[in-house]
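Trainee: I'll drop the sequence and a predicted model, then ask my questions.
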Amino acid sequence: MTFDDVCAIALAWPGVERSTSYGTPALKVKGKLLTRLREDGETLVVPGVGFDEREMLIEAEPEVFHLTPHYRDWPIVLMRLPKASADAVEALLLRRWRELAPKRLVKDFDAAAG
């Protein structure tokens, strides 16, 4: 996976737009951070992942999921994009999108998906 692949997935969802965060490429929903690329160009910052889930993800797939001390106290997990599957990226980001998007957008999205 690359950040371009992430964009191809997430930009198909209503309200998602390209942006920047901390000087790096990011995706936002109505101005709220969906995800961003870290400075190394290969690590995706995924907010909205609780501490227990984060621990489980890191334990289950340490080659994909990891953490730095900077993010220790935040509900965030880091993903190594070259090792990540599209399904894993989509699942985490779609859940985050549902948290951030206005209820009307989520309802319309679900109705269109059938």
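Mentor: Good, I have the coordinates. Here the structure is a predicted model, which means the values were calculated and not measured.

Trainee: strands along the protein, start to end?
Mentor: With DSSP state E applied, the chain shows strands at 16-21, 24-29, 32-37, 43-47, 65-66, 76-80, listed in chain order.

Trainee: I'd like the ones you listed laid out as CSV, including mean pLDDT and distance to residue 101.
Mentor: No exception for glycine: its C-beta is placed from N, CA and C like everyone else's. Rendered in CSV, the data for the strands of the chain read as follows (pLDDT from 0 to 100; distance: least, CB to CB, whole Å):
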stretch, mean pLDDT, distance to residue 101
strand 16-21, 98, 8
strand 24-29, 98, 5
strand 32-37, 98, 9
strand 43-47, 98, 14
strand 65-66, 98, 24
strand 76-80, 98, 19
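
Trainee: which parts of stretch 1-20 are buried?
Mentor: Residues of stretch 1-20 classed as buried: 1, 3, 6, 7, 9, 10, 13, 15, 16 (neighbour count, 16 or more other CB atoms under 10 Å).

Trainee: ok now that stretch, how far from the chain's centre?
Mentor: Shown here is stretch 1-20, whose average C-alpha point lies 9 Å from the average C-alpha point of the whole chain (CA atoms, centre = their mean, to the nearest Å).

Trainee: contact partners of that stretch?
Mentor: 25-30, 34-37, 41, 44, 81-82, 84-86, 89-90, 93-94, 97, 101-102, 105, 108-109 (CB atoms under 8 Å, 6 or more residues apart in numbering).

Trainee: which residues touch the residue sitting furthest away from the middle of the chain?
Mentor: What lies farthest from the middle of the chain is residue 114; by CA atoms, centre = their mean that is 23.8 Å. Taking CB under 8 Å, 6+ apart, we find residue 114 in contact with no residue.
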